[in-house]
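Undergrad: Sharing a model that was predicted from the sequence below.
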Amino acid sequence: MSASQDGGREAGKLHDYLPPFRALKRKLEQAGFGTQGDRGNAFVERILTVSATCKQQGRNVLDYVTAAVDAHLRGRPGPSLLPELGATELARAA
């Protein structure tokens, strides 16, 4: 089977047919693999927010997280999760 064929689905659309992260988190917690404190819960909430926001914007989650970690390690501001506005949107906002 070629990389672009998976039961009629494109390989690049993996996130469209995987279970949502919240469902996976719930299953992991039920199996005893949940977070063990407030810091872990906050991390999971943040990474789920990043994932959902990137998906809505058509951005790659791994690219965003990699850039965020790289910025943190270099002491620089991290990338924004705010959507990038094109010229049309900027004209409307003005």
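TA: Now that the structure is in, tell me what you want to look at.

Undergrad: since we're on residue 50, how many residues are nearby?
TA: 16 (other C-beta atoms under 10 Å). Backbone N, C-alpha and C define where each C-beta goes, glycine included.

Undergrad: Going C-terminal from the helix or strand that contains it, what's the next secondary structure element?
TA: Element membership of residue 50 [criterion: DSSP states H and E] is helix 38-57. Once the chain leaves helix 38-57, the next helix or strand it forms, by DSSP H and E, is helix 61-73.

Undergrad: With just CA atoms, put that next one into CSV.
TA: C-alpha atoms of helix 61-73 as CSV (Å, rounded to 0.1, in the frame of the first residue of the first chain):
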residue,chain,number,x,y,z
VAL,A,61,1.8,20.7,16.5
LEU,A,62,5.3,19.2,16.6
ASP,A,63,6.7,22.2,14.7
TYR,A,64,5.1,24.5,17.2
VAL,A,65,6.2,22.6,20.3
THR,A,66,9.7,22.2,19.0
ALA,A,67,9.9,26.0,18.4
ALA,A,68,8.5,26.7,21.8
VAL,A,69,11.1,24.4,23.6
ASP,A,70,13.9,25.8,21.5
ALA,A,71,12.9,29.4,22.4
HIS,A,72,12.7,28.5,26.1
LEU,A,73,16.1,26.9,26.0
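
Undergrad: Mean confidence (pLDDT) on stretch 76-93, please.
TA: Average pLDDT, stretch 76-93: 76.

Undergrad: Number the chain from 9, please
TA: OK, 9 is where the count begins now, so the last one is stretch 84-101.

Undergrad: quick revisit: show me what counts as buried in the helix holding residue 58.
TA: 52, 58-59, 62 (16 or more other C-beta atoms under 10 Å).
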